[in-house]
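Enquirer: mind folding the following:
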Amino acid sequence: MANQTTMIADLINPQVMADMISAKVASKIVVAPFAKVDTTLVGIPGNTITVPQYAYIGDAEDIAEGIAAETVKLATSTTDVTVKKAMKAVELTDEAVLSGYGNPVGETNNQLAKAIASKVDVDAMEALQTAQLAFDGIGSKIGYAGIVDAIDVFEEEFNSDKVIFVHPAQVGTLRKDADFLAADKLAEAVRVTGAIGKICNCEVVVSKKVPLNAEGTGYICPIVKLNEDGETEDDTAALTIYMKRDVNVETERHTLSRTTDISVDEIYTVALSNASKVVLATFKK
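Expert: Sure, this is the predicted structure:
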C-alpha cells in the first residue's frame, strides 16, 4: 500500500465541523433549552417576522336551550423581530494543526460552539427581559418566600412547572435556603438541562446573563412557565427561536502564510412569544 500524507484539508473539514458544532451548540445553551425552535423560515424569503401574542377570550358561559351564544373577538398584539446573523472566526496555522500538541481543531469546534450558544443565550435573556409581568422583591435577597410571591403574579389556578434563572452570585443564598432541593436529592430528574435543583416548584438554572436592574441593586430573575398541555401543539412556548439557517461552517485557505480561517455563523432570531408565561422577579443583590 502506498504511503499516504495527511493534509490540512483532511483535518479541517467544514462539513464535519458543522455537524459537530451544531450538536455542541444545543448542549451548551443555558437560557433557552425550553424554547420552541421554529424552522419554518428556512428557505423562505424575507428577514422580518411578525410574532402574534393572543389574549385569553374568557371562560365559557352557560347558554339556555335554543339560545344562540354570543361571539367574542380574538384579540391579539404583534411584535416584529428581525432575523440576524451571529458569527465567530478562528485562524489556525499549519504548525498548530500538525504539531500534535493538544487538539487545536477539536478545541476550535468547542470554542466556536460555545461562542454561538452564548450569543443565543444573550438574545434569549434579552427577549425574556421584555416581559410585562413583574414582581418587586428588591427589599430582600432571593428566597422561598419571595419566589412564592413572584409566582403569585401568574394568578394560577393550578401550580405548573417553571424554571427560574438566577445569577451565580445568588446561588449561595439559595443553597442555604431550607426549602431548596438540590438536583442530586430529587426523586425525579429535572426537566431543564443544567438545573441545579428546585425551589417552590421552580427548577433553578444558573446564568451569568441574568442582569442587574438599572440601579445596580438587584438581579432581575425571569420565572418562566414550562409548557403543560401535552395534547396540543398550540400551547405557545414563552420563548421561540426562529431559525433561518442552522450552523454554517466555512474555511478559507491562505497559502502564503500557511494558515486557515475557520468561521461559523447562525442566522436566527429569538422572540418572546407568550408574555403571560414570564414574570420578572427582582431580588436584592
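
Enquirer: state the distance from the residue positioned nearest the centre of the chain to Tyr219.
Expert: For the chain, Ala32 is the residue whose C-alpha lies nearest the centre (C-alpha atoms, centre = their mean; 1.4 Å). Going from Ala32 to Tyr219 by C-beta to C-beta, to the nearest Å gives 19 Å. Glycine gets a C-beta too; all of them are placed from N, C-alpha and C.

Enquirer: check contacts around Gln15.
Expert: Val249 (C-beta atoms under 8 Å, 6 or more residues apart in numbering).

Enquirer: any idea which element it lies in?
Expert: helix 14-28 (DSSP states H and E).

Enquirer: list the buried residues for the helix or strand just after that helix?
Expert: Per DSSP H and E, the first helix or strand lying C-terminal to helix 14-28 is strand 36-38. Buried residues in strand 36-38, counted by 16 or more other C-beta atoms under 10 Å: Lys36, Asp38.

Enquirer: from the contact counts, what lies against strand 36-38?
Expert: strand 239-254 (3 or more C-beta pairs under 8 Å, 6 or more residues apart in numbering; DSSP states H and E).

Enquirer: now the strand it packs on and helix 14-28, what's the angle there?
Expert: Interaxial angle, strand 239-254 versus helix 14-28 (axes from the mean of the first three to the mean of the last three C-alpha atoms, to 10 degrees): 150 degrees.

Enquirer: export strand 239-254 to PDB, keeping only CA atoms.
Expert: Extracted C-alpha coordinates of strand 239-254, given in PDB (Å, rounded to 0.1, in the frame of the first residue of the first chain):
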ATOM      1  CA  LEU A 239     -39.800  31.900  24.000                       C
ATOM      2  CA  THR A 240     -39.300  30.900  20.400                       C
ATOM      3  CA  ILE A 241     -36.100  30.700  18.400                       C
ATOM      4  CA  TYR A 242     -36.700  31.300  14.700                       C
ATOM      5  CA  MET A 243     -34.100  29.600  12.600                       C
ATOM      6  CA  LYS A 244     -33.400  31.000   9.100                       C
ATOM      7  CA  ARG A 245     -30.300  28.800   8.700                       C
ATOM      8  CA  ASP A 246     -28.600  26.400  11.100                       C
ATOM      9  CA  VAL A 247     -24.900  26.400  12.000                       C
ATOM     10  CA  ASN A 248     -22.800  27.000   8.800                       C
ATOM     11  CA  VAL A 249     -19.000  26.500   8.800                       C
ATOM     12  CA  GLU A 250     -16.700  27.800   6.100                       C
ATOM     13  CA  THR A 251     -13.000  27.700   5.700                       C
ATOM     14  CA  GLU A 252     -10.600  29.900   3.800                       C
ATOM     15  CA  ARG A 253      -7.000  28.900   3.000                       C
ATOM     16  CA  HIS A 254      -4.100  31.500   2.900                       C
END
